[in-house]
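J.: one predicted model, sequence on top.
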Amino acid sequence: MTRKEKTDDNAHTEINPTAIYLNRELSQLAFNRRVLAQAENKLVPLLERLRYLCICSSNLDEFFEVRIASLLANRIEGEHIDPPELSAALERTSIECHQIVARQYELLNKEILPQLAGKGIHLLRHEDRNDAQRAWVKQYFEQNVRPLLTPIGLDPAHPFPQVLNKSLNFIIELSGKDAFGRGTAIAIVKAPRVLPRVIRLPDGLSDKKGVSFCLLSSVIHAHIAELFTGREITAYSQFRVTRNSDLWVDEEEVKNLRQALQTELQSRQFGVGVRLEVASNCPEHLAQFLLEQFSIERNRLYAVKGPVNLVRLSELVDLVSEPALRFPPFSPTLPPHLQNENIFAVLKKRDVLLHHPFQSFQPVVDFIRTAAHDPNVVAIKQTIYRTGMNSDLMEALIHAAQRGKEVTVIVELMARFDEEANINWAVKLEQAGAQVVYGVVGLKTHAKIALVIRREDNALHFYAHLGTGNYHPTTTKFYTDFGLLTSHRELTAEVNEVFIHLTTLTKPRNLQHLWLAPFTLQKEIIRAIRNEALIAREGRPARIIAKMNALLDESVIRALYAASADGVKIDLIVRGACALRPGVAGLSENIRVRSVIGRYLEHSRIYYFRNDLAHDVYLSSADWMNRNLFRRIEVAFPILDKTLKKRVISEGLEPYLKDNTNAWHLNCDGVYVLKKPRTRQAAFSAQAHLMNTLGITTPLVDE
């Protein structure tokens, strides 16, 4: 790229986009490949390998529900226009998805299940069960399964039934006549959703050492003929349909977003079909019949060698108690100064930085819980994106409202797949007397902020929590995130301004510390990148390190390309999809991209700019994606305390740049290559390092 191209936006637009950007869908699938690699890794404990396999399958489910569904919706425009580039993208993703699915089942059938059996954990098919086990399964079927089954023989009076998204079903072909002398040839059986998909068999029945399990699908298969007295089953298959799960609400017309969303949630289970999974032995004519029923193209048919829902095998992981087959247990620590002192007294003296899951999330819960009980606290404000069905933190907010405190909660009702839980919490909060609002119509409130207002010495003092991750009791144990507890006067005052903005919808005041999307976040990121480029052009060392889940926004990518051409050294730690193409001469030769996949899901967003040794560090809830920068309420906040700034750098960035065990390097062709240590002694894992040595800081970057 020439200097003119770097500084002239019009020159940028003339570059062929396919040359400088990597495909989003293929990059997302590459991330899933890296998750699958964890299931392939023989150094990972066996049950954890199975769990990674389930995670990979769950990721694919969401990929079809959201990304493929979106591509299919975009393909049909006007009079069934089919843009060639969309068809090509769908074809490429289809090939990659089929390869991933084939590898999943190969891994399950040839490695994981046989090795589990070798450890005394048996997942038995019908033909693997002994007589005693078959008798028990038959009894289980009669008592627990059969009463809940409603087979539907298809005819004009019995049309094809409604099939729920991702549910387990069976298609059966019958010979002979029904009770009325008619030749209804096909029946559908839906598996009851209330039953467990993995069933433990009684220990006393087994002739093998260890524990034995079977799948609900296997139980139904074994006794499905008993549902059709006098008829012969000539063919059958389990099947599963994945549907478009994006919710749509006409936000310009709707009067009450919560009520509209509750109605829309009911229809999510019956969205447009985007994928069909059947058993590998499903006859061709039955597969074709199902494809026609759901209007699904053949290249989105997946004939699998095993259960059609691998996600359900996570139940097996949870049912087995074998510590040797799991990751060693890990307990997060508490900062020493929070263990025996009132949290508000601590925050008057210092800011507190928490690094989850290596440090406990409990101080955040205690922050809200203490505020709920403190007679001097007059108000609590908080945003909620994901929090789960059970939450001590939400209960604390309810308790605070019941005690008469002013509680304001910004609940994001459109948090994908958490809508129902958030609606339930919104209702409970309102019933307790809290003021609940749903953010800004058309924009998701994704920022993670909480504010406590406390009366001290006849004046109001602010205390805040700002985080990179959700207020969710479960994910905080498995996602890496940072959280800042602070009483910094200017910073907390700006947090309050953000809450006023969200409740009044007025334009936010000029914020000096916080970068707020959709107003200033993208502009400030671009400004900081260009500042490093200016420093580099003036001959001084320039450095950018950023860590995030995804990098897709073209305006940020162009700024990074221009900074690279000016000589800025750029390291990007991007867990998932990345559209930036690194290492291209004249374009991005100074940019390196890596992805770290380990025991914990990397979730923190960190922006570091060297800025002539000022070492500007921002934490955020926002990835560098168009949706985060322009279609969400997001906050990036600075770490102002020098000691805490060093911690973010030494814990959140430097170990990940050193990782040679779980780090994948992105090549300019879009291929990720796993970095390997030269010797076993040289192996370094960022997450293992943080688990073992959290609290030991290292020097600042470039200092």
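T.: Perfect, I can see it now. Here the structure is a predicted model, which is why all the values come from computation and not from measurement. Residues are numbered from 1 along each chain as shown.

J.: any idea how many residues pack against residue 680?
T.: Neighbourhood size, residue 680 [other C-beta atoms under 10 Å]: 6. No exception for glycine: its C-beta is placed from N, CA and C like everyone else's.

J.: same check, this time on residue 506
T.: Under the criterion other C-beta under 10 Å, the count of neighbours that residue 506 has is 10.

J.: for it, what are its contacts?
T.: Residue 506 sits next to residue 500 when contact means C-beta atoms under 8 Å, 6 or more residues apart in numbering.

J.: please apply the same query to the one 3 residues further on.
T.: Taking C-beta under 8 Å, 6+ apart as the contact definition, residue 509 lies against residue 497.

J.: just say helix, strand or coil for it.
T.: Assigned by DSSP: H, G, I helix; E, B strand; the rest coil, the conformation of residue 509 is coil.

J.: likewise for the one 4 residues further on?
T.: For residue 513, the reduced secondary structure class is coil; criterion used: three-state DSSP.

J.: how close does it sit to residue 340?
T.: 31 Å (C-beta to C-beta, to the nearest Å).

J.: okay, strands next: where are they in the stretch 501-650 of the chain?
T.: For the stretch 501-650 of the chain, the strands defined by DSSP state E, counting those that start in this stretch occupy 515-517, 543-548, 569-574, 591-596, 601-602, 605-609, 616-620, 632-638.

J.: could I get these as a markdown table with mean pLDDT?
T.: As requested, the strands of the stretch 501-650 of the chain are exported to a markdown table (pLDDT from 0 to 100):
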| stretch | mean pLDDT |
| --- | --- |
| strand 515-517 | 97 |
| strand 543-548 | 98 |
| strand 569-574 | 98 |
| strand 591-596 | 98 |
| strand 601-602 | 96 |
| strand 605-609 | 98 |
| strand 616-620 | 98 |
| strand 632-638 | 97 |
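
J.: of these, which is nearest residue 474?
T.: strand 601-602 (11.6 Å; C-beta to C-beta).

J.: list the contacts of the closest one.
T.: 475, 478, 479, 480, 547, 549, 573, 575, 596, 656.

J.: nearest to residue 147, out of the strands of the stretch 501-650 of the chain?
T.: Proximity to residue 147 (C-beta to C-beta) singles out strand 601-602 among the strands of the stretch 501-650 of the chain, at 40.2 Å.

J.: starting at the chain centroid, how far to that closest one?
T.: With C-alpha atoms, centre = their mean, to the nearest Å as the basis, strand 601-602 stands 9 Å off its chain's centre.

J.: partner strands of that strand, parallel or antiparallel?
T.: Here strand 601-602 is paired, per DSSP bridges, with strand 479-486 (parallel).

J.: closest to residue 175 out of the strands of the stretch 501-650 of the chain?
T.: Of those, nearest to residue 175 by C-beta to C-beta is strand 601-602, at 50.2 Å.

J.: list the buried residues for the longest strand seen in the chain?
T.: Counting residues, the longest strand found in the chain (DSSP state E) is strand 232-243. Buried residues in strand 232-243, defined by neighbour count with 16 or more other C-beta atoms under 10 Å: 236, 237, 238, 239, 240, 241, 242, 243.

J.: same check on stretch 20-38?
T.: 20-25, 27-38.

J.: just the buried members of the contacts of strand 601-602?
T.: 475, 479, 480, 547, 549, 573, 575, 596, 656.

J.: need the contact list for the fourth one.
T.: When contacts are counted by C-beta under 8 Å, 6+ apart, residue 547 is found next to 572, 573, 574, 602, 604, 605, 606, 652, 653, 656.

J.: follow-up on the earlier one: so can I have TSV of the contacts of strand 601-602 showing distance to residue 295?
T.: TSV is the format used below for the contacts of strand 601-602 (distance: C-beta to C-beta, whole Å):
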residue	distance to residue 295
475	36
478	38
479	37
480	41
547	42
549	33
573	41
575	35
596	40
656	45
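
J.: confidence-wise, which of those residues comes last?
T.: pLDDT is lowest at residue 475 among those; the value there is 91.

J.: and that residue, what is it in contact with?
T.: 386, 388, 469, 601, 603.

J.: centre of the chain to the helix or strand hosting residue 278, how far?
T.: In the assignment (DSSP states H and E), residue 278 maps to strand 273-279. Its chain's average C-alpha position is 22 Å from that of strand 273-279, according to C-alpha atoms, centre = their mean.

J.: tell me what angle that strand forms with strand 232-243.
T.: 140 degrees (axes from the mean of the first three to the mean of the last three C-alpha atoms, to 10 degrees).

J.: for strand 273-279, C-alpha coordinates in CSV please.
T.: Extracted in CSV, the C-alpha atoms of strand 273-279 (Å, rounded to 0.1, in the frame of the first residue of the first chain):
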residue,chain,number,x,y,z
GLY,A,273,-35.5,-24.5,8.4
VAL,A,274,-31.8,-24.0,7.6
ARG,A,275,-30.3,-27.5,8.3
LEU,A,276,-31.5,-31.1,8.4
GLU,A,277,-29.7,-33.8,10.3
VAL,A,278,-30.5,-37.5,9.8
ALA,A,279,-28.9,-40.8,10.7
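
J.: not counting that strand itself, show me its contacts.
T.: With C-beta under 8 Å, 6+ apart as the criterion, strand 273-279 contacts 64-65, 68-69, 72, 237-244, 286-287, 290-291, 294-296, 300-305, 308-309.

J.: show me what the mean pLDDT comes to for that strand.
T.: On average, strand 273-279 scores 97.

J.: strands paired with that strand, and their directions?
T.: Assessed with DSSP bridges, strand 273-279 is paired to strand 232-243 (antiparallel), strand 301-304 (parallel).

J.: send over the longest one as PDB, restricted to the C-alpha atoms.
T.: The reference is to strand 232-243. Extracted as PDB, the C-alpha positions of strand 232-243 are listed here (Å, rounded to 0.1, in the frame of the first residue of the first chain):
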ATOM      1  CA  GLU A 232     -44.100 -53.600   9.900                       C
ATOM      2  CA  ILE A 233     -41.500 -50.900  10.000                       C
ATOM      3  CA  THR A 234     -39.500 -51.000   6.800                       C
ATOM      4  CA  ALA A 235     -37.300 -48.000   7.400                       C
ATOM      5  CA  TYR A 236     -36.800 -45.300  10.000                       C
ATOM      6  CA  SER A 237     -34.300 -42.600  11.100                       C
ATOM      7  CA  GLN A 238     -33.900 -40.000  13.800                       C
ATOM      8  CA  PHE A 239     -33.800 -36.500  12.500                       C
ATOM      9  CA  ARG A 240     -33.300 -32.900  13.700                       C
ATOM     10  CA  VAL A 241     -34.100 -29.600  12.100                       C
ATOM     11  CA  THR A 242     -32.200 -26.400  12.900                       C
ATOM     12  CA  ARG A 243     -34.200 -23.300  12.300                       C
END
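
J.: much appreciated, bye for now.
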